[in-house]
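Participant: mind folding the following:
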Amino acid sequence: MNVLILEDERKAANELKQSLENLRSDIHVCAILESIEEARVWFATHELPDLIFADIILSDGKVFHLLKELLIKAPIIFCTAYDEFALEAFETNGIDYLLKPIEEEKLGKSLEKVETLKSVFSQQSFLEDMSRSKTIFVHFRDRLIPIEPSAINFIYTRNHVAHIHTDCQQYEIRETLDELLDLLSERDFFRANRQYIIPRQKVQHVERSFTRKLTVILTVSSPQPIIVSKARASEFLQWLKD
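Facilitator: Sure thing, here's the model as predicted:
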């Protein structure tokens, strides 16, 4: 497995390289790059690596600018001392987000995640689907909490604040419904109205009113009835069938 490291702290880069080689004998670190400009030159003359480990803040700026500029289609594990960039990280092919100092055990689990994803999807669909249905990270009691899309019962807004509802917990988050919908699979999640995003797997049945509006009944209770307007009823029913 060819691995590229984007890290402007040489000590941290060397420690990451050593940990990777300790965990996997088949890992080859093809380069350690310290700046966006250096990485830009490298990508212009080399094939994409199998996996990228990237610090978020390099010597000449944030790595997101480079990733969006070059449209790099390779899985990325972000390694950083900052937790506030989690949402943006998972919009740029990020599959994991490790906070420094990086523990070798957590690093190993990230590598296992890469292999699991590759075994589930073909390489092409793996790269195409990475931008959607990934783990959502939310701030809760001074911690960064990962939430798998499959654990979501529904997402709704209350007093202009979005909440993710799961079986175990309700999380108040700062992202909007539109921002969250961009992170979720259109096949699995539907924007029912201005207040609700609902997952297909939680739809129990649908009731049609005489006004042709739809009331969606979930397998779990929701704070208010979930209404799909007459204008979007056909689109919703088609989504439910597909």
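Participant: count the neighbours of Gln224 for me.
Facilitator: 10 (other CB atoms under 10 Å). C-beta coordinates here come from the backbone N, C-alpha and C atoms, glycine included.
Participant: for it, which residues are in contact?
Facilitator: Taking CB atoms under 8 Å, 6 or more residues apart in numbering, we find Gln224 in contact with Tyr156, Gln195.
Participant: distance check, it against Ala192.
Facilitator: For Gln224, the distance to Ala192 (CB to CB, to the nearest Å) stands at 11 Å.
Participant: got the domain ranges for this structure?
Facilitator: 2-129, 136-241 (automatic domain parsing).
Participant: what about the last one, how long is it end to end?
Facilitator: According to CA to CA, to the nearest Å, domain 136-241 extends 26 Å from its N-terminal end residue to its C-terminal end residue.
Participant: mean confidence score for it?
Facilitator: Average pLDDT, domain 136-241: 90.
Participant: next one: stretch 113-129
Facilitator: 63.
Participant: neighbours of the closest residue to Leu218 other than its chain neighbours, how many?
Facilitator: The shortest distance from Leu218 to any non-neighbouring residue, by CB to CB, 6 or more residues apart in numbering, is to Lys202 (4.7 Å). When neighbours are counted by other CB under 10 Å, Lys202 registers 17.
Participant: what do you get for Asn14?
Facilitator: Around Asn14 there are 14 other residues, counting by other CB under 10 Å.
Participant: what residues of the helix or strand containing Lys109 count as buried?
Facilitator: In this assignment (DSSP states H and E), Lys109 forms part of helix 104-120. Applying a neighbour-count criterion of 16 or more other CB atoms under 10 Å, one finds Leu107, Ser110, Leu111, Val114 buried in helix 104-120.
Participant: contacting residues for the third one?
Facilitator: Pointing back at Leu111 there. Residues near Leu111 by CB under 8 Å, 6+ apart: Leu20, Leu23, Arg24.
Participant: tell me the spacing between Lys118 and Asp188.
Facilitator: Lys118 is 20 Å from Asp188, by CB to CB.
Participant: cheers, nothing more for now.
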